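Visitor: any chance you could fold what I've pasted below:
(one chain, ligands or ions: 1)
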Amino acid sequence: MQNRIFSTVARRLTLSYTLLFGVLSLGAFLLVYVHIVHNLNQQTDDRLRATIRELIKTRAEGGRAGLQEEFTIESSATGKERIFFRLLDPDGKAVIASDLTSWKTEEHFPVSFPISGEQITRLHISGHEYPTRMITSLLKDGFFLQAGVADDKDEVLESYRETFFTVFLLILVLGGVGAHLIARRAMGGVREVTEAAARIASGDLDQPISRGNRGEEIETLAAMFNRMQQRISDLIDELKGVVNNVAHDLRRPITRMRGVAETTLTRDGDLSDYRDMAVTVIEESDRLVGLVNTILELAEIDAGLKVMGMEQVDLSWIVNMAVELYQPAAEDREISLTAQIRHQPLLISGNRNSLQRLLANLLDNALKFTPTGGRITITLTSEGKHAILSVVDNGPGIPAQDRELIFDRFYRGDASRSISGNGLGLALVQSIAKQHNGSVTVNSDGTTGSCFIVRILC
Ligand code: ADP
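Guide: Next up, the predicted model:
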């Protein structure tokens, strides 16, 4: 039950603030209270001391008779029931005293006597409304002079306590209400973020949270939340695009396979027709497997799974291997494929397979787009802490409007529609470069070839 009532931060803040107000005002009250008690006692004691000093003078000048007369005058002036005086011999027996009728008999004063100086005593005399504060002063001749007064400060303190209690209740109520309003306002931004989260959960990604003027923390939270919302929205759009593209790219080869199979079956073909059909099915299946593998590879890199396979890799070796592998295909099309490597070896920390895949994709494109008799050059250098790998061809180049888009998934330039491909090669190159804390850029004037430059942190 307790936990449910204080389950919200606003309620907990309200309770904490209210308790804080309560404890602080109680502390302030106690401090003032102690101060008042001390001051009132001090005042009473000072008054009694001053009177005792007067009486000592009177005794020295006028003897006992003079002192008795002064007792009477002083006690009548102040009120016989409020103040009394006594002169006691060294044995503590009263020699003379003011009118003590209203103070009952002297036996009612249980008193110990000071060995030197003075002693302050607080007495409770039965039948008296107020306690009595009394100073007993040791005189030079061993006698004691006593002055006592009804200590009515309790009345003042009582009214102070009552006032405080009322103020305390008021502070608690007003403090509680104030704390509740402050806590509600402070948590208002969080509420709005929560509502936005609920909206997102129900599929609405279009309404950003207003940042308002709710303090830096809430404003930052709202800004971060809006960024997250935008990112989710972008990802969903991207996902929709990917799903569309994948569906489209899958449908084409499947439709082709079905068409070829149907045609072969519906006509009386010979063995070579069936062979052609099998070749087409194998080609299209390879395309499908290639597409699915690339999609999976991109997903793995995006999920950070491939980072696990990092090792010391020699980029020079990767370039040499790639040249060796692609040389026959280049020769078939009379394309000159050369490598210029400045550092032997050039070591970086990376994933060997991914880096081979990166270069293979760049070379695939270069071979695809470079006309027969063309030229492809791979250069490997280093610049500061970066290894620079560039693949230059003298193909048709990339038009300015395409240069920003070619790294997007499934993007294919208009001129390449007739050439095989799925638009994922450069997206994969970019993901692998990023995975290696690097980047890929393209230079091309749009007519005389392309230059892809990959920068990777050594
Ligand atoms: P794909 O090659 O399968 O179309 P990519 O992602 O590898 O997909 O390339 C995207 C687009 O970039 C290509 O369709 C083409 O328009 C352009 N492109 C890539 N490499 C070259 C190149 N070397 N020369 C000219 N255009 C290129």
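Visitor: okay, domains of the protein per the record?
Guide: If the domains of the chain are taken from automatic domain parsing, they occupy 2-156, 205-306, 307-457, with pieces of a single domain joined by a plus sign.
Visitor: and the helices in the chain?
Guide: Using DSSP state H, the helices of the chain run over residues 2-5, 9-78, 153-201, 216-266, 271-302, 315-332, 352-369, 400-403, 425-435.
Visitor: indicate which one of these is closest to Gly449.
Guide: Smallest distance to Gly449 across those (Cβ to Cβ): 9.0 Å, for helix 352-369. Bear in mind the C-beta positions are built from the backbone N, C-alpha and C, glycine included.
Visitor: helices and strands around the closest one, which ones?
Guide: Contact here means 3 or more Cβ pairs under 8 Å, 6 or more residues apart in numbering; DSSP states H and E; on that basis helix 352-369 packs against strand 311-314, helix 315-332, strand 375-383, strand 386-393, helix 425-435, strand 450-457.
Visitor: just send those back as a markdown table, with distance to the ligand too.
Guide: Formatted as a markdown table, the entries for those read as follows, by distance: least, Cβ to the nearest ligand atom, whole Å:
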| stretch | distance to the ligand |
| --- | --- |
| strand 311-314 | 23 |
| helix 315-332 | 13 |
| strand 375-383 | 9 |
| strand 386-393 | 5 |
| helix 425-435 | 3 |
| strand 450-457 | 4 |
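Visitor: as CSV, those with mean pLDDT would be great.
Guide: Below are the helices and strands packed on helix 352-369 laid out as CSV (pLDDT from 0 to 100):
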stretch, mean pLDDT
strand 311-314, 93
helix 315-332, 96
strand 375-383, 96
strand 386-393, 96
helix 425-435, 94
strand 450-457, 95
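Visitor: make a markdown table from the ones you listed and add mean neighbour count to it.
Guide: Converted to a markdown table, those look like this (neighbours: other Cβ atoms under 10 Å):
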| stretch | mean neighbour count |
| --- | --- |
| strand 311-314 | 14 |
| helix 315-332 | 16 |
| strand 375-383 | 17 |
| strand 386-393 | 22 |
| helix 425-435 | 21 |
| strand 450-457 | 20 |
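Visitor: just put those in a markdown table and tack on distance to Gly178.
Guide: Output for those, formatted as a markdown table (distance: least, Cβ to Cβ, whole Å):
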| stretch | distance to Gly178 |
| --- | --- |
| strand 311-314 | 63 |
| helix 315-332 | 67 |
| strand 375-383 | 63 |
| strand 386-393 | 60 |
| helix 425-435 | 53 |
| strand 450-457 | 56 |
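Visitor: just to revisit the earlier point, okay if I get the helices of the chain as CSV plus distance to Thr379?
Guide: Output for the helices of the chain, formatted as CSV (distance: least, Cβ to Cβ, whole Å):
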stretch, distance to Thr379
helix 2-5, 68
helix 9-78, 60
helix 153-201, 48
helix 216-266, 33
helix 271-302, 25
helix 315-332, 9
helix 352-369, 12
helix 400-403, 20
helix 425-435, 16
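Visitor: what's the closest of the helices and strands packed on helix 352-369 to Lys57?
Guide: For those, the distance to Lys57 is smallest for strand 450-457, at 99.9 Å, taking Cβ to Cβ.
Visitor: so what strands line up beside the closest one?
Guide: Take DSSP bridges as the rule and strand 450-457 pairs in its sheet with strand 386-393 (antiparallel), strand 439-444 (antiparallel).
Visitor: looking at these, spot the one closest to Arg231.
Guide: When the strands paired with strand 450-457 are ranked by proximity to Arg231 (Cβ to Cβ), strand 439-444 comes first, at 20.8 Å.
Visitor: buried ones in the closest one?
Guide: Going by neighbour count (16 or more other Cβ atoms under 10 Å), the buried part of strand 439-444 is 440, 442, 444.
Visitor: quick one: residues contacting the first one.
Guide: Residues in contact with Val440, defined by Cβ atoms under 8 Å, 6 or more residues apart in numbering, are 407, 426, 429-430, 433, 452-455.
Visitor: for Gln430, see how far away it is.
Guide: For Val440, the distance to Gln430 (Cβ to Cβ, to the nearest Å) stands at 5 Å.
Visitor: where in the stretch 151-300 of the chain is pLDDT low?
Guide: In the prediction, the stretch 151-300 of the chain carries residues with pLDDT under 70 at positions 211.
Visitor: measure the residue in it that the ligand sits nearest to to Tyr130 for me?
Guide: Scanning the stretch 151-300 of the chain for the residue nearest the ligand gives Thr294, at 9.2 Å (criterion: Cβ to the nearest ligand atom). For Thr294, the distance to Tyr130 (Cβ to Cβ) stands at 99 Å.
Visitor: which of these two has more neighbours?
Guide: Set side by side, Thr294 and Tyr130 give different neighbour counts by other Cβ atoms under 10 Å, the larger being at Thr294 (19 against 15).
Visitor: near the ligand, which residues of this protein are found?
Guide: Those residues of the chain that sit near the ligand, judged by Cβ under 6 Å from any ligand atom, are 365-366, 369, 393, 395-396, 398, 402, 406, 411-413, 416, 421-427, 450.
Visitor: buried subset of the residues you listed, written for ChimeraX?
Guide: A single ChimeraX command suffices to select whichever of the residues of the chain next to the ligand are buried according to 16+ other Cβ under 10 Å:
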select :365,366,369,393,395,396,398,402,406,412,413,416,421,422,423,424,425,426,427,450
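Visitor: got the contact list for Asp445?
Guide: Counting by Cβ under 8 Å, 6+ apart, Asp445 has contacts Gly397.
Visitor: then the one 10 residues further on?
Guide: The contact partners of Arg455, taken as Cβ under 8 Å, 6+ apart, are 383, 386-388, 433, 438-441.
Visitor: do the same with Thr381
Guide: By Cβ under 8 Å, 6+ apart, the residues touching Thr381 are 342-343, 387-388.
Visitor: next one: it from Ser444, what distance?
Guide: Note on Thr381: its distance to Ser444, by Cβ to Cβ, is 20 Å.
Visitor: what's the answer for Ser7, then?
Guide: Ser7 sits at a distance of 62 Å from Ser444 (criterion: Cβ to Cβ).
Visitor: ditto for Leu239
Guide: Applying Cβ to Cβ, the value for Leu239 to Ser444 is 30 Å.
Visitor: geometric centre of the protein: which residue is closest?
Guide: To find the centre residue of the chain, average its C-alpha atoms and take the closest one (Cα atoms, centre = their mean): that gives Glu217, at 7.8 Å.
Visitor: hmm, back to that, ok, and the closest non-adjacent residue to the residue of the stretch 151-300 of the chain closest to the ligand?
Guide: Distance criterion Cβ to Cβ, 6 or more residues apart in numbering; nearest residue to Thr294, sequence neighbours excluded, is Leu424 at 4.6 Å.
Visitor: hmm, who's touching stretch 418-435?
Guide: Contact with stretch 418-435 is made by 245, 249, 287, 290-291, 294-295, 297-298, 301-302, 306-307, 351, 354-355, 357-358, 361-362, 364-365, 368-369, 406-412, 439-440, 452, 454-456, as judged by Cβ under 8 Å, 6+ apart.
Visitor: I'm done for today, thanks for sticking with me.
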